[in-house]
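Novice: coords please:
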Amino acid sequence: MSTISTQLRTFKEPTKEQLTQLFFSIPPSITARSEKDGLERMEINAVLSLSAEAEEDSYAGKLYLIPPFLSFASLDRKSCRFTLPLCTIRRVERLNARAGIYALSLSLWHGMKIVVQLTSLRPTADLFCSMLRDALKAELQHGQMKAVRNFVKTCYSETLVLSTSPAAEEELEEKTPQEGQEGSPSNDTPYHVGLGLKFKFPGDPKKLREASKVKLWTTYLKTHGRNLTLLRYPQCTRLVQVGLPNRLRGEMWEVLSGSLFLRFSNPGLYEQILEDNKGRTSTSTEDIEKDLHRSLPEYSAYQSEEGISALRRVLQAYSFQNPELGYCQAMNILAAALLIYMSEEQAFWLLEVICDRLLPGYYSTSMHGTLLDQRVFESLVQKCLPIIHDYFQEVDVQLSVASLPWFLSLFINSMPMVFACRIIDCFFCMGPKVLFQVGLAILKINGEELLKIQDDGGFIQLMRSYFASLGNSAHPKSPDPRARAITRFQELLLVSFREFAIITDDTIHNERRKFRSEIVFSIESFSKRAAVRNLKSLERFTKEQAGFIYDALYRAMCVVPPPAPVMTPVPSLISDGNEEKPETRIGLRTFRVFLSEVATWARDEKVIINGFQQRVDREVAEHEFIDRLFYFWDVSCKGALSFQDLVSGLDGVMFNDLMENIEWFFNLHDKNKDGYLTKDEVLTLSESLLFIFRFEIGDAYLGAVSRFMTNAFEYGDALLPQPEEKGEEDDAPLPDIGHNQPYLNLATFRMVVLADEILESFFETDLSACFKLEPVPMMDLPSSNNGFLGDLISNIATDDNKKLFNRFTDRIGQTIGKHQVIHRPAIGRYTKLDEPKARESLLTPSMRQSPSTSPTSATDAAVRVPSPSSVSTSNLSAAEASKISPLSMVKNANDALMERPQFAIDDALDDDGDTDDEFGLGEDDGVMDEVDAFLEAHDSGLTEEQRELAKDLLNAKPVK
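Specialist: This is a model prediction of the structure:
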């Protein structure tokens with residue numbers, strides 16, 4: 001049993017539009033609906049200003065219309081940005097500003113007012129406004145604007161902001177859904193909550209300064225929007241780096257990641273998935289059950305049935321929603337951490353975003369995303385920390401032994417939960433680059449100790465000791481009390497975001513493109529060895545030959561992907577429970593491509609000479625003989641062939657002698673397996689021989705098939721039972737045999753074949769020799785060239801353009817009379833036009849008095865010019881993969897994931913005494929001072945005059 005995937009070879013570099021959507025955390029599935037409506041996208045230069053209450057600078061940047069979203073990013077792409085669903089825009093007005101100034105005022109759902117000054121040319125601004133109007137009308141028609149009111153009730157930020165405003169208490173009471181209404185996640189609270197609300201959140205609320213963080217976030221959310229309308233200014237990033245409040249953390253995770261938009265656009269889908277698949281089992285559900293009780297077992301919620309059941313439902317729902325991915329080890333730890341701060345529905349959609357967009361390929365069967373990022377991390381260590389890298393090479397310490405679990409579990413399984421959540425906060429806010437920055441900072445801080453280790457065990461032990469001490473002072477012996485107050489975790493963030501700020505999203509993207517081919521070849525090599533090892537039987541092949549069969553199969557699957565596997569039905573009450581494991585099987589179209597790689601007669605190879613170039617074109621042949629062979633090898637009658645079926649089928653023909661090949665060819669055409677060929681089957685067999693011999697030189701093989709048909713029908717008629725004596729025996733007619741009646745048995749067929757020297761030679765050596773197991777040239781991976789020139793070359797040198805160029809040169813060659821096409825023969829035994837002398841007929845003259853004649857007559861074969869010996873094909877050799885062992889890396893990661901140490905700092909404590917009075921205004925300043933040291937300067941991109949203009953627009957009146 002083996003599962004073969006070609007997904008890695010179908011990877012394509014994301015387009016500019018896709019990268020823009022990823023930057024703004026916009027789910028592709030949502031924008032697809034607007035594309036069906038015919039709504040177009042557009043971007044325009046703009047200056048963003050917020051109402052004076054927020055006391056924010058104005059920022060120059062670009063405004064993007066990506067229906068059904070409106071997005072903005074400042075010029076530096078980090079200072080200010082937002083992603084607003086169009087359904088949250090209540091009013092759009094054009095402002096009456098100075099001459100030549102084109103400005104719009106947007107009133108949002110939560111009462112904020114933003115001013116956007118369009119700085120492009122007037123026609124461009126008019127076009128943008130027209131497209132924005134059409135997109136807003138489409139949202140109104142879809143009823144999305146009505147859905148906002150019910151959806152925001154499920155967000156904790158609504159309760160947090162409105163509860164601090166006495167004037168809004170009545171509005172809050174009006175918006176709170178009644179018990180049992182849709183949109184109410186629980187009977188106690190109107191908003192979605194995680195397990196932490198009942199089982200307590202990890203850590204001490206006083207030490208985490210929860211009340212101060214809540215106060216700061218409440219102030220920010222009042223003026224900068226919340227949930228669907230959050231505007232991300234520099235203050236937002238600062239607050240995230242300080243750490244999110246426990247109650248607000250779940251909502252902010254889905255806001256920053258964009259999973260909030262998926263939950264908003266798919267109301268009730270999570271419950272529907274669970275209902276539709278109730279009672280269904282699969283390989284994924286079995287694996288989930290094994291890992292449920294190994295998911296953060298130290299947390300009290302997962303020592304109860306409530307927490308285990310919630311985790312089970314989230315993981316099963318994701319496996320049902322994404323059957324190709326299903327479930328991968330480490331997803332349980334990630335989902336368990338999410339459920340502490342989020343509801344089941346929130347965790348389900350966030351898990352979808354993490355696995356599909358933020359960390360693609362991390363939790364797939366091959367874990368190619370994890371292996372790729374490990375290679376990228378090693379490269380960054382080599383560049384940024386060369387001394388550590390060289391020392392690890394010297395003592396043969398594998399960096400991935402410790403770093404792979406960091407990336408796979410987002411540090412959840414490596415460090416205390418209170419600190420891992422702080423890193424996850426930054427991960428959702430600033431993207432995957434945070435994982436690399438933190439990883440590099442860990443190595444740099446522990447640099448001196450790392451240069452003393454001698455093996456992998458010492459590396460792992462050092463990391464465990466460091467993570468356990470993250471809550472300790474970084475400078476315990478310093479005379480300065482402020483320095484002593486800095487913890488080792490704060491030092492880690494300081495080094496990560498200040499010293500490794502050079503690691504950007506572009507850096508990660510370019511490094512991934514650089515090493516993708518290396519990782520793909522490494523994984524393919526590992527998968528090949530696993531598939532050969534998992535064969536039930538190698539038959540008479542060696543492992544190397546079985547590897548050649550795998551290469552041909554893999555190439556065929558890349559050219560013609562096999563059909564998707566059929567979903568496993570819900571087990572019945574009488575099922576024995578012994579389900580077959582998933583196995584890759586190919587259909588007829590893929591089989592034709594596979595056979596063209598291993599059988600010379602299953603392909604049409606043409607040497608084309610046109611005066612400009614000499615090339616070899618190969619086309620996959622199609623014939624009833626190939627289809628018959630497909631079903632002949634399908635011994636399990638499943639309509640598809642597995643890797644084992646192909647190995648067994650080839651074994652049945654490649655090692656045969658003369659008599660065995662004759663019997664194999666006979667059985668292949670004996671449709672009902674009764675040991676006889678009918679007249680129609682004899683004709684079909686003759687057509688199969690003509691197909692195999694179609695490109696052979698001269699008339700030798702055509703004459704052999706003609707004589708075969710003559711002898712077959714003569715000898716078949718001669719062996720028919722003779723009629724009883726009724727007078728004149730010579731004039732008695734032979735019995736009439738129908739075309740579908742048994743006519744020719746194996747012994748007779750063998751005698752007819754042996755009567756011809758050419759056919760005897762074909763069945764003795766040529767038939768088996770036509771199947772060639774040779775290294776298959778691997779297909780090129782998508783180009784990963786960087787820069788404008790590299791993209792230009794990759795766009796020009798496409799397969800379609802190459803075919804167009806070949807057709808063009810062929811036309812010129814035909815015009816000047818230098819175009820020549822030479823078909824390569826499948827056997828190539830005879831290279832001259834002389835036909836060998838045939839043996840005499842098997843029948844004596846008295847036996848040839850049969851009135852039956854061959855139903856077909858031989859025709860003259862076209863004379864083909866022999867292929868010149870100088871023509872040869874160039875085989876593409878696969879690029880050498882790096883010496884990497886995915887199996888050992890994954891095994892070490894799984895071992896590390898299952899051995900999460902328990903940290904005392906994660907013990908949940910009561911927060912009854914943590915009131916706002918205990919933390920004064922000065923304490924709030926202390927919270928923000930934590931990240932002041934590594935904040936980057938933010939440039940608004942505006943001159944002083946442009947800032948004054950932006951302020952004036954805030955007080956401008958709408959155009960009447």
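
Novice: which residue ranges form the strands in the stretch 601-750 of the chain?
Specialist: In the stretch 601-750 of the chain, the strands defined using DSSP state E, counting those that start in this stretch lie at 603-609, 614-620, 641-642, 676-677, 744-745.

Novice: hey, which of those is tucked in deepest?
Specialist: strand 641-642 (a mean of 24; mean count of other CB atoms under 10 Å). C-beta here means a position set from N, CA and C on the backbone, and glycine is covered the same way.

Novice: just checking, what packs against that strand?
Specialist: Applying 3 or more CB pairs under 8 Å, 6 or more residues apart in numbering; DSSP states H and E, we find strand 641-642 packed against strand 585-586.

Novice: With just CA atoms, put the helix or strand just after the strand it packs on into PDB.
Specialist: Next helix or strand after strand 585-586 toward the C-terminus (DSSP states H and E): helix 588-598. Below are the C-alpha coordinates for helix 588-598, written out as PDB (Å, rounded to 0.1, in the frame of the first residue of the first chain):
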ATOM      1  CA  LEU A 588      -6.700   4.800 -18.000                       C
ATOM      2  CA  ARG A 589      -5.400   8.200 -19.200                       C
ATOM      3  CA  THR A 590      -2.600   8.200 -16.700                       C
ATOM      4  CA  PHE A 591      -1.800   4.600 -17.600                       C
ATOM      5  CA  ARG A 592      -1.300   5.400 -21.300                       C
ATOM      6  CA  VAL A 593       1.300   8.000 -20.300                       C
ATOM      7  CA  PHE A 594       3.000   5.500 -17.900                       C
ATOM      8  CA  LEU A 595       3.100   2.800 -20.600                       C
ATOM      9  CA  SER A 596       4.700   5.300 -23.000                       C
ATOM     10  CA  GLU A 597       7.600   5.600 -20.600                       C
ATOM     11  CA  VAL A 598       8.300   1.900 -20.400                       C
END
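
Novice: Mind giving me the packing neighbours of helix 588-598?
Specialist: On a contact count with 3+ CB pairs under 8 Å, 6+ apart, helix 588-598 meets helix 543-559, strand 614-620, helix 624-633.

Novice: Now tabulate those in TSV and tack on distance to residue 138 and mean pLDDT.
Specialist: Formatted as TSV, the helices and strands packed on helix 588-598 follow (distance: least, CB to CB, whole Å; pLDDT from 0 to 100):
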stretch	distance to residue 138	mean pLDDT
helix 543-559	40	92
strand 614-620	46	83
helix 624-633	49	94
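
Novice: Name the stretch among those that sits most buried.
Specialist: Highest mean neighbour count among those (mean count of other CB under 10 Å): helix 543-559, with a mean of 20.

Novice: quick check: angle from that helix to helix 588-598?
Specialist: Angle between the axes of helix 543-559 and helix 588-598 is 130 degrees (criterion: axes from the mean of the first three to the mean of the last three CA atoms, to 10 degrees).

Novice: which outside residues touch helix 543-559?
Specialist: By CB atoms under 8 Å, 6 or more residues apart in numbering, the surrounding residues in contact with helix 543-559 are 4, 6, 9, 524, 528, 531-532, 535, 538, 541, 584, 586, 590-591, 593-594, 597-598, 643, 646-647, 650, 773-776, 778-779.

Novice: Only the buried subset of the residues you listed, as a PyMOL command please.
Specialist: Selection of buried members from the contacts of helix 543-559 for PyMOL, criterion 16 or more other CB atoms under 10 Å:
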select buried, resi 4+6+9+524+528+531+532+535+538+541+584+586+590+591+593+594+597+598+643+646+647+650+773+776+778
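
Novice: Please flag which of the contacts of helix 543-559 sit within helices.
Specialist: 524, 528, 531-532, 590-591, 593-594, 597-598, 643, 646-647, 650 (DSSP state H).

Novice: ok, the residues you listed vs residue 209, which is closest?
Specialist: Closest approach to residue 209 among the ones in helices among the contacts of helix 543-559 (CB to CB): residue 524, at 50.6 Å.

Novice: in terms of contact, does the closest one touch residue 6 like I think?
Specialist: No. The pair residue 524 and residue 6 fails to qualify as a contact (CB atoms under 8 Å) at a distance of 9.2 Å.

Novice: ok, so what distance separates residue 903 from residue 103?
Specialist: The gap separating residue 903 from residue 103 is 53 Å, by CB to CB, to the nearest Å.

Novice: out of the two, which sits in the more crowded spot?
Specialist: Using other CB atoms under 10 Å, the more surrounded residue of residue 903 and residue 103 is residue 103, with 26 against 20.

Novice: what are the bridge partners for that one, then?
Specialist: Going by DSSP bridges, residue 103 is paired in beta bridges with residue 117.

Novice: My guess is it contacts residue 125. True?
Specialist: No. Between residue 103 and residue 125 there is no contact under CB under 8 Å: 9.6 Å.

Novice: what touches both of the two?
Specialist: residue 118.

Novice: can you give me the end-to-end distance of stretch 409-427?
Specialist: The first and final residues of stretch 409-427 sit 12 Å from each other (CA to CA, to the nearest Å).

Novice: Repeat that for stretch 592-607.
Specialist: Length of stretch 592-607, first residue to last, CA to CA: 21 Å.

Novice: I'd like the distance from residue 712 to residue 629, if you could.
Specialist: Noted for residue 712: a distance of 21 Å to residue 629, by CB to CB.

Novice: Kindly report the same for residue 62.
Specialist: Distance from residue 62 to residue 629, by CB to CB: 59 Å.

Novice: try residue 330
Specialist: Per CB to CB, residue 330 is found 44 Å from residue 629.

Novice: same thing with residue 353?
Specialist: Distance from residue 353 to residue 629, by CB to CB: 47 Å.

Novice: likewise residue 608?
Specialist: Distance from residue 608 to residue 629, by CB to CB: 29 Å.

Novice: okay, the ones in helices among the contacts of helix 543-559 in a markdown table with pLDDT next?
Specialist: A markdown table is the format used below for those (pLDDT from 0 to 100):
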| residue | pLDDT |
| --- | --- |
| 524 | 89 |
| 528 | 91 |
| 531 | 92 |
| 532 | 93 |
| 590 | 94 |
| 591 | 95 |
| 593 | 94 |
| 594 | 95 |
| 597 | 92 |
| 598 | 93 |
| 643 | 94 |
| 646 | 95 |
| 647 | 95 |
| 650 | 95 |
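
Novice: how many neighbours does the residue nearest to residue 609 when sequence neighbours are not counted have?
Specialist: Leaving out its chain neighbours, the residue that sits closest to residue 609 by CB to CB, 6 or more residues apart in numbering is residue 820, at 4.5 Å. By other CB under 10 Å, the residues close to residue 820 number 14.

Novice: Tell me the spacing between the nearest residue to residue 538 once chain neighbours are set aside and residue 558.
Specialist: With sequence-adjacent residues excluded and distances taken as CB to CB, 6+ apart, residue 538 is closest to residue 546, at 5.6 Å. Residue 546 is 19 Å from residue 558, where distance means CB to CB.

Novice: One more: residue 42?
Specialist: Remark: distance between residue 42 and residue 558 (CB to CB) = 37 Å.

Novice: What of residue 681?
Specialist: Using CB to CB, residue 681 is found at 36 Å from residue 558.

Novice: which residues touch residue 821?
Specialist: Neighbouring residues of residue 821 by CB under 8 Å, 6+ apart: 606-608.

Novice: pLDDT-wise, which helix or strand of this protein ranks last?
Specialist: Lowest mean confidence among the helices and strands of the chain (mean pLDDT, DSSP states H and E): helix 169-175, at a mean of 40.

Novice: Flag every buried residue along the helix or strand just after that one.
Specialist: Downstream of helix 169-175, the first helix or strand assigned by DSSP H and E is helix 196-199. Buried residues in helix 196-199, counting neighbours by 16+ other CB under 10 Å, are found at 196-197, 199.

Novice: Turn these into JSON lines, including pLDDT and distance to residue 359.
Specialist: Conversion of these to JSON lines gives the following (pLDDT from 0 to 100; distance: CB to CB, whole Å):
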{"residue": "196", "pLDDT": "94", "distance to residue 359": "24"}
{"residue": "197", "pLDDT": "93", "distance to residue 359": "27"}
{"residue": "199", "pLDDT": "94", "distance to residue 359": "27"}
